[in-house]
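Q: Build me a model from this:
(one chain, ligands or ions: 1)
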Amino acid sequence: MTTTSGPVGAVRQGSLRELNLAVVLGRIAAAERPPSRADLAAETGLTRATVSAVVEDLITGRLVTEAEPAPRAGAGRPARGLVLAGDGPAGLGLEVNVDYLAACVVDLAGRVRHHTVHRADLRPLSPADALTRLVALAVRARADAAAQGLTLAGAALAVPGLVDDAGTVRLAPNLGWRDVPVPALLAGHAPLTERVDGVPPLVVDNEANLAALGELHAGPAAPASFLHITGEVGIGAGIVLDGALFRGTRGWSGEIGHIPVRPEGRPCRCGGRGCLERYAGQEAILAAAGLAEADLPADTAATRLAELAEAGSTAALDALHEAGTALGVAVAAVVNLLDLDTVVLGGGYAPLAPWLRPPVLAEISRRVLTAAWSPVTVRPAALGADAAVVGAAGSVVRRIIAWPSGWLARAA
Ligand SMILES: [Zn+2]
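A: As a prediction, the model looks like this:
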């Protein structure tokens, strides 16, 4: 990975025109109110004529459109604000998880325009068969996007495992995948092969990383640094530091599910013992609550637990307390190490946050040295259980916003 710093670093060997396109589009994307051409000139230091030419290119390329002018009293034609187009390029997000497949389409402005979830236990399937089902979802998503005037500009796939630079899933213990060459298995499938310069046709990434990115861009409320925990059958974390995902040296950071919370405890699929997953993963919570997984469709596990807890079931409340305590032990270790002040509970943890939060906070206040004078916020994810697939789609459109020239070359 090359070292870049700020927007100029991301520009590579771009021309001045390409740089201006990226700067103006970035301003429009970040603005709280639709800026006029004059606003953009004032903010960027570019001349009015340059801004007008750049904006025309962005409008022609379906990246930007003029907002309806707000009615105003008095004489004079109001300046028209500029907003990201809702009928231009879009990102395709895909997710393979232990018990579901998902696809979604996000437009430039971050709006979800299509979302499908296919529930099935994928563990008995071969990776090739699971990915064939995923392609069917991608094809449907593309058709729906096209019907709304959107063009897919790339795809990102979230998987619950460790992914290398080539997109190979090196290990997804809960799916039973090892060394699965996902890009090769998906090669030749149209929605995943159409290239836009600057936007790879398909990126494969860890679900917890993409979920954390989804949360980071879900709204202005996201802090610059936080820990996002995705609690499913497995437990993964995305670490966001100063507005950027911390991937680690090889992209494999965030395996919080395998932090030991009881070093001589239950054996784990990873080969270790006493891992967090064995005490706070979905299967562990269901077992502790007396709900064998077979009795319950996988998609309803978290909702069912929440209903039982709401109704005052002692078994469910005890199971959630035990899971939250184990989670709090692991979270306290991370907070001690990284000095984070926000922990976001995502995936299947989001609906369970009212019951997981108190024991997590209790362990933080017991174990984090700075907790007494520097409180840690623990809250459910803004995107809930959809964060990974929405974050995946969003990562595609953010690449276009960061480098619009590639898309414009294709659009021309
Ligand atoms: Zn483990």
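Q: okay, and for the stretch 151-300 of the chain, where does confidence drop off?
A: For the stretch 151-300 of the chain, applying pLDDT under 70 flags the ranges 219-220, 292-299.
Q: Close to the ion: what parts of it are there?
A: His258, Cys268, Cys270, Gly272, Cys275 (CB under 5 Å from the ion). No exception for glycine: its C-beta is placed from N, CA and C like everyone else's.
Q: these two touch, right, the fourth one and Pro260?
A: Yes. The pair formed by Gly272 and Pro260 meets the contact definition of CB atoms under 8 Å, at 6.6 Å.
Q: those helices in the stretch 1-150 of the chain, which residues are they?
A: 6-10, 16-30, 37-44, 48-60, 127-147 (DSSP state H, counting those that start in this stretch).
Q: And the residue of the stretch 101-250 of the chain that's closest to the ion?
A: Pro173 (7.4 Å; CB to the ion).
Q: Tally up the residues packed near that residue, please.
A: Using other CB atoms under 10 Å, Pro173 has 20 other residues around it.
Q: So the closest residue to Asp165 other than its chain neighbours: helix, strand or coil?
A: Nearest residue to Asp165, sequence neighbours excluded (CB to CB, 6 or more residues apart in numbering): Gly251, at 7.1 Å. Assigned with DSSP: H, G, I helix; E, B strand; the rest coil, Gly251 falls in the coil class.
Q: residues touching Ala38, list them.
A: By CB atoms under 8 Å, 6 or more residues apart in numbering, the residues touching Ala38 are Arg48, Ala79.
Q: Which helix in this protein has the most residues?
A: helix 314-338 (DSSP state H).
Q: orientation of the helix or strand following that one relative to helix 314-338 in degrees?
A: Note on helix 314-338: by DSSP states H and E, the next helix or strand toward the C-terminus is strand 342-347. Orientation note: strand 342-347 sits at an angle of 140 degrees relative to helix 314-338 (axes from the mean of the first three to the mean of the last three CA atoms, to 10 degrees).
Q: Pairing partners for strand 342-347, with directions?
A: Sheet pairing for strand 342-347, assigned by DSSP bridges, gives strand 226-231 (parallel), strand 377-380 (parallel).
Q: could you say what helices and strands whichever helix or strand comes after that strand packs with?
A: The first helix or strand that comes after strand 342-347 along the chain, using DSSP H and E, is helix 353-367. Contacting helix 353-367 under the criterion 3 or more CB pairs under 8 Å, 6 or more residues apart in numbering; DSSP states H and E are the following elements: helix 301-310, helix 314-338, strand 342-347, strand 377-380.
Q: what is the mean pLDDT for helix 353-367?
A: For helix 353-367, mean pLDDT is 97.
Q: contact partners of it?
A: 306, 309, 317, 320-321, 323-325, 327-329, 331-333, 335-336, 343, 345, 349, 371-372, 376, 378-380.
Q: Narrow the residues you listed to just the buried residues.
A: Those of these that meet the buried threshold are 306, 309, 317, 320-321, 323-325, 327-329, 331-333, 335, 343, 345, 349, 371, 376, 378, 380, by 16 or more other CB atoms under 10 Å.
Q: First-to-last residue distance for stretch 343-358?
A: One end of stretch 343-358 sits 13 Å from the other (CA to CA, to the nearest Å).
Q: just how off-centre is it within its chain?
A: In terms of CA atoms, centre = their mean, to the nearest Å, the centre of stretch 343-358 is found 17 Å from the chain centre.
Q: tally of neighbours for Ala388?
A: 37.
Q: and the gap between it and Glu215?
A: 10 Å (CB to CB, to the nearest Å).
Q: With Arg195 instead?
A: Counting by CB to CB - Arg195 and Glu215 are separated by 29 Å.
Q: ok, now Asp144?
A: Asp144 is 25 Å from Glu215, by CB to CB.
Q: Which one of those two is surrounded by more residues?
A: Neighbours per residue (other CB under 10 Å) separate Asp144 from Glu215, with Glu215 holding more: 26 against 16.
Q: tally of neighbours for the residue lying closest to that one once chain neighbours are set aside?
A: Distances taken as CB to CB, 6+ apart place His228 nearest to Glu215, at 5.1 Å, with adjacent residues excluded. Around His228 there are 32 other residues, counting by other CB under 10 Å.
Q: need the contact list for Val110.
A: Small correction: residue 110 is Gly, not Val. His217, Gly394, Val397.
Q: quick revisit: make TSV out of the residues of the stretch 151-300 of the chain next to the ion and add neighbour count.
A: Formatted as TSV, these follow (neighbours: other CB atoms under 10 Å):
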residue	neighbour count
His258	20
Cys268	18
Cys270	16
Gly272	16
Cys275	29
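Q: Out of those, which comes closest to Leu63?
A: His258 (41.9 Å; CB to CB).
Q: Kindly reformat the helices of the stretch 1-150 of the chain as a markdown table containing distance to the ion and mean pLDDT.
A: As requested, the helices of the stretch 1-150 of the chain are exported to a markdown table (distance: least, CB to the ion, whole Å; pLDDT from 0 to 100):
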| stretch | distance to the ion | mean pLDDT |
| --- | --- | --- |
| helix 6-10 | 36 | 42 |
| helix 16-30 | 40 | 94 |
| helix 37-44 | 49 | 95 |
| helix 48-60 | 48 | 96 |
| helix 127-147 | 21 | 95 |
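Q: Include distance to Ala79 when you put these into TSV, please.
A: As requested, the helices of the stretch 1-150 of the chain are exported to TSV (distance: least, CB to CB, whole Å):
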stretch	distance to Ala79
helix 6-10	25
helix 16-30	14
helix 37-44	6
helix 48-60	12
helix 127-147	32
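Q: Cool, thanks, talk later.
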